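Undergrad: predicted structure and sequence below. I'll ask about it afterward.
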Amino acid sequence: MRDKAFIIAIDGPAASGKGTLARNLAKHYGFHHLDTGLTYRAVAKALIDQGLSLNDEELAAQVAAALDLKGLDRSVLSAHDIGTAASIVAVMPKVRTALVQAQRKFALNLPGNVIDGRDIGTVVCPDAEVKLYITASPEVRAERRFNEMRAKNPDADYNVVLADLKHRDERDMNREASPLKPASDAHLIDTSKMGIEAAFLEAKTLIDAALRN
Ligand code: DC
């Protein structure tokens, strides 16, 4: 029995497939899973629900510090608009400090954790045993998002989804605080032409090797 949690850090842009991969890996290895995007989304939603500004860093940081990671409801927080609002609070250093503290605490859970987001391998868990960076072209990612949205909304427009995704990438990759980028020791997996099963097998090979060490 390990006395230190085994950590699999998964980073990548929106709709890269990292969320599904993270959930599948957590299930396979019997590890806990934290989608850190939900923590930023929960802060944005709490502000919106209370009719408060998304641009007040002090206020957003207070909400972030009070957040309970156990209460994150993906079915509510996954709405597209909440993602856009989340990317506004995610540029704020004080919000990031508060959420990173809670995420690092989560990462101590035994026997291990799969944690996905944008800065897990670089900032939250720089000592993670395995770091994966999942990516795909903007067009492939927009098509995935579009297909998901079209199931609920027949008026969804691919070009709007693509433009929005590129805008979000731009904000995530070029912000000053913890921008999205692969850790120097991350394994890159490009899912543009790869199914989720193939990505899972590639990740599993890397993780199994790390678990043997
Ligand atoms: O992955 P997502 O769409 O749920 O993320 C929502 C927003 O939160 C997105 O703009 C990126 C940001 N985010 C972040 O800055 N750092 C993380 N570790 C996770 C998400």
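TA: Sure thing, it's come through. Residues are numbered from 1 along each chain as shown.

Undergrad: my guess is residue 14 meets residue 86, correct?
TA: No: between residue 14 and residue 86 there is no contact under C-beta atoms under 8 Å: 10.3 Å. Every residue, glycine included, has its C-beta placed from N, CA and C.

Undergrad: so what's the nearest residue to residue 142 once chain neighbours are set aside up against?
TA: Of all residues not flanking residue 142 in the chain, residue 162 sits nearest, at 3.8 Å (C-beta to C-beta, 6 or more residues apart in numbering). Contacts for residue 162 (C-beta atoms under 8 Å, 6 or more residues apart in numbering) come out as 138, 139, 142, 146.

Undergrad: doesn't residue 162 belong to a strand?
TA: No: per DSSP: H, G, I helix; E, B strand; the rest coil, residue 162 lies outside any strand segment and is helix.

Undergrad: from residue 155, how far out is it?
TA: Residue 162 sits 16 Å away from residue 155, taking C-beta to C-beta, to the nearest Å as the criterion.

Undergrad: which residue ranges of this structure form helices?
TA: In the chain, the segments counted as helices under DSSP state H are 18-29, 36-49, 57-65, 74-77, 80-89, 93-106, 138-152, 158-174, 196-212.

Undergrad: and the ones you listed, which is most packed in?
TA: Neighbour counts (mean count of other C-beta atoms under 10 Å) averaged over each of these peak at helix 36-49, with a mean of 22.

Undergrad: so which elements touch that one?
TA: helix 57-65, helix 74-77, helix 80-89, helix 93-106, strand 112-117 (3 or more C-beta pairs under 8 Å, 6 or more residues apart in numbering; DSSP states H and E).

Undergrad: want to try a markdown table for these, with distance to residue 128 and mean pLDDT as columns?
TA: As requested, these are exported to a markdown table (distance: least, C-beta to C-beta, whole Å; pLDDT from 0 to 100):
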| stretch | distance to residue 128 | mean pLDDT |
| --- | --- | --- |
| helix 57-65 | 22 | 98 |
| helix 74-77 | 22 | 95 |
| helix 80-89 | 23 | 90 |
| helix 93-106 | 11 | 98 |
| strand 112-117 | 8 | 98 |
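
Undergrad: need these in TSV with distance to the ligand, can you?
TA: Compiled in TSV, the helices and strands packed on helix 36-49 are given as follows (distance: least, C-beta to the nearest ligand atom, whole Å):
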stretch	distance to the ligand
helix 57-65	12
helix 74-77	8
helix 80-89	3
helix 93-106	7
strand 112-117	2
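
Undergrad: looking at those, which is closest to residue 3?
TA: Judged by C-beta to C-beta, the one of the helices and strands packed on helix 36-49 that comes nearest to residue 3 is strand 112-117, at 11.9 Å.

Undergrad: report the angle between the closest one and helix 36-49.
TA: Relative orientation of strand 112-117 versus helix 36-49 (axes from the mean of the first three to the mean of the last three C-alpha atoms, to 10 degrees): 60 degrees.

Undergrad: what about the protein, any weak spots by pLDDT?
TA: Regions of the chain meeting the criterion pLDDT under 70 cover residues 1.

Undergrad: what does it put close to the ligand?
TA: 14, 36-37, 40-41, 83, 86-87, 90, 117-119, 168, 172 (C-beta under 6 Å from any ligand atom).

Undergrad: much appreciated, bye for now.
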